[in-house]
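J.: for reference, the sequence and a predicted model appear below.
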Amino acid sequence: EAEKKGEGGNTAVGEKGRDMSPSCHQESAGGPLMQALQAPALLMRDLLDVLMPNIKGDEEAQLDWLGYSMMGVGVIAFLILMFMSEAKYGRYAIGISRLWGYPMNAKVAWVLQECPNLVLGLSNLALARRECIKSTPNQVLMSLFMVHYLNRTLAYPLMMRGSKPTPVSVFLLALLFCTFNGHLQMRSLAYVRAYDESWFVDPRFAVGVVVFFTGMFINTESDSMLRDLRKPGESGYKIPRGGVFNLVSGANFFGEIVEWLGFAIAQWSVPGAAFALFTFLNLGPRGWHHHQWYKAKFDDYPKSRRAVIPYLW
């Protein structure tokens with residue numbers, strides 16, 4: 001089996017996508033239900049072939065370029081969200097122009113925009129390469145991704161309270177991101193990059209998994225604190241206190257940033273790095289706007305708190 005040496009001399013990845021037969025040779029198999037499950041991933045694979053004809057069939061190169069493109073889009077989004085306009089959903093959707101589009105029910109919008117991660121995750125698993133499925137590091141990384149989005153797609157929306165409508169334009173942008181990123185992460189882990197078993201004991205993998213679960217805990221705990229601020233039937237806003245909210249206004253955003261940073265460290269690849277960077281570039285401005293909003297609304301807002309990154313920003 002061909003091996004790819006990771007940085008620092010560690011064997012990280014087994015067979016590379018470009019060393020395999022061209023991806024366009026992979027076709028759906030099994031009965032009608034299995035073929036229907038495989039169809040979304042095959043459609044995304046074919047779409048990338050159309051968008052990147054110069055590297056058609058080289059899925060590793062395609063996914064890396066998709067990751068680099070995500071980084072570039074993230075930088076543009078950061079500049080827009082920081083200096084031109086905050087994302088118009090939630091508290092910032094009140095009284096906005098109709099040009100932002102039809103206001104959707106927030107719970108419905110959230111489920112629909114997040115579900116491509118699960119659909120494409122399952123679809124790519126149905127097409128998974130044997131070497132990827134057998135690899136313990138691949139199994140762990142795929143599980144981390146799918147468990148996160150099972151929670152975010154199915155559980156989190158059911159617990160949302162008093163959420164403002166989501167403009168359809170914001171929903172479509174989120175749907176587009178989840179579609180491409182869901183395929184990027186799970187295609188890479190289920191088909192393109194088979195990690196050697198030695199990666200399971202590599203310090204980077206261990207540190208990444210610990211950081212991921214630390215971020216997940218901060219994120220879920222902070223979301224719970226925000227929900228508990230309002231009792232059933234209450235409306236309006238209160239100052240969140242406790243946990244990481246004692247340090248930053250956007251504790252839930254900080255948790256998710258940490259979570260995907262850990263995922264990127266454990267994955268040690270362009271797709272993982274792209275996801276982590278995009279998460280920061282998208283959620284960082286959200287946390288900063290929340291921080292400014294809290295300071296303007298509450299005279300007694302804690303002056304020692306930062307916006308997103310404890311002690312720094």
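T.: Here it is on my side, so go on. Predicted model, so just to flag it, every value in this text is computed and none were measured. Residues are numbered from 1 along each chain as shown.
J.: mind telling me which residue is nearest the centre of this structure?
T.: Among the residues of the chain, the one closest to the centroid is residue 275, at 5.9 Å (C-alpha atoms, centre = their mean).
J.: now the helix or strand harbouring it, how far from the chain's geometric center?
T.: Using DSSP states H and E, residue 275 maps to helix 270-297. With C-alpha atoms, centre = their mean, to the nearest Å as the basis, helix 270-297 stands 13 Å off its chain's centre.
J.: buried set for it?
T.: 270-291, 293-294 (16 or more other C-beta atoms under 10 Å). Placement of C-beta: from N, CA and C, glycine included.
J.: rewinding a little: please tell me I have it right and the residue nearest to the centre of the chain contacts residue 185.
T.: Yes: in this structure, residue 275 is within contact of residue 185 by C-beta atoms under 8 Å, at 6.3 Å.
J.: quick one: the one helix or strand residue 254 maps to to helix 270-297, angle?
T.: Following DSSP H and E, one finds residue 254 within helix 251-267. Put simply, helix 251-267 runs at 170 degrees to helix 270-297, going by axes from the mean of the first three to the mean of the last three C-alpha atoms, to 10 degrees.
J.: measure how far helix 251-267 is from the centre of its chain, please.
T.: The answer for helix 251-267 is 9 Å, by C-alpha atoms, centre = their mean.
J.: which strands and helices sit next to that helix?
T.: Applying 3 or more C-beta pairs under 8 Å, 6 or more residues apart in numbering; DSSP states H and E, we find helix 251-267 packed against helix 136-150, helix 203-228, helix 270-297.
J.: closest to residue 252 out of those?
T.: Shortest distance between residue 252 and the helices and strands packed on helix 251-267, using C-beta to C-beta, is found for helix 203-228: 3.9 Å.
J.: next, the angle from the helix holding residue 254 to helix 136-150.
T.: Using the same axes, to 10 degrees, helix 251-267 lies at 160 degrees relative to helix 136-150.
J.: flag the shaky bits of the chain, pLDDT-wise.
T.: Along the chain, segments meeting pLDDT under 70 span 1-28.
J.: rewinding a little: report the inter-axis angle for the helix holding residue 275 versus helix 203-228.
T.: Going by the same axes, to 10 degrees, helix 270-297 makes 30 degrees with helix 203-228.
J.: what is helix 270-297 packed up against?
T.: Judged by 3+ C-beta pairs under 8 Å, 6+ apart, helix 270-297 is in contact with helix 59-83, helix 168-187, helix 251-267.
J.: mind checking those for the one nearest to residue 119?
T.: helix 168-187 (7.4 Å).
J.: who touches that closest one?
T.: 41, 44-45, 59, 63, 66-67, 70, 87-89, 100-104, 109, 112-121, 123-125, 142, 145, 149, 271-272, 274-275, 278 (C-beta atoms under 8 Å, 6 or more residues apart in numbering).
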